[in-house]
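Novice: Everything below, folded, please.
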Amino acid sequence: MTLEQFIRKNRRQIDMVIKRTSPKVKPLNDAERKVWILNERILLLWVEAQGVKISGELEGRYSYDSFLSRFVRGEEPSNQK
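Specialist: Numbering: from 1, shown residues only. Here you go, the predicted model:
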């Protein structure tokens, strides 16, 4: 199973975990869910436990504190450069 297939199959459960982690997060699309999965340890462990191959996904992943990650979490952008 690919990561995209996993996300399509488990959207509701993924969103529940994200809401528990960050209650203020706005509704997500699959690309944003992917960012969360690659940066949130509990989601990443779940994906790996299901046998989803993500080694290539991790090479280009966004860091957890990137602008996109903060945007997805519904946080204000950082002034750091």
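
Novice: and the gap between residue 48 and residue 29?
Specialist: 23 Å (CB to CB, to the nearest Å). In this view, the C-beta of every residue, glycine as well, is placed from N, C-alpha and C.

Novice: now swap in residue 49 and tell me
Specialist: Distance from residue 49 to residue 29, by CB to CB: 24 Å.

Novice: Name all residues that make contact with residue 19.
Specialist: residue 25 (CB atoms under 8 Å, 6 or more residues apart in numbering).

Novice: tell me which element it is part of?
Specialist: Using DSSP states H and E, residue 19 maps to helix 11-21.

Novice: buried ones in the following helix or strand past that helix?
Specialist: Using DSSP H and E, the helix or strand that follows helix 11-21 towards the C-terminus is helix 30-39. Neighbour-count burial for helix 30-39 flags 32, 33, 34, 35, 36, 37, 38, 39 (criterion: 16 or more other CB atoms under 10 Å).

Novice: who are the neighbours of helix 30-39, in terms of helices and strands?
Specialist: For helix 30-39, the packing partners by 3 or more CB pairs under 8 Å, 6 or more residues apart in numbering; DSSP states H and E come out as helix 3-9, helix 11-21, helix 41-49, helix 55-59, helix 67-72.

Novice: Turn the ones you listed into CSV, including mean pLDDT.
Specialist: Output for the helices and strands packed on helix 30-39, formatted as CSV (pLDDT from 0 to 100):
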stretch, mean pLDDT
helix 3-9, 95
helix 11-21, 96
helix 41-49, 93
helix 55-59, 62
helix 67-72, 60
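
Novice: Check what pLDDT the residue nearest to residue 1 when sequence neighbours are not counted gets.
Specialist: Distances taken as CB to CB, 6 or more residues apart in numbering place residue 52 nearest to residue 1, at 5.4 Å, with adjacent residues excluded. For residue 52, the model assigns a pLDDT of 91.
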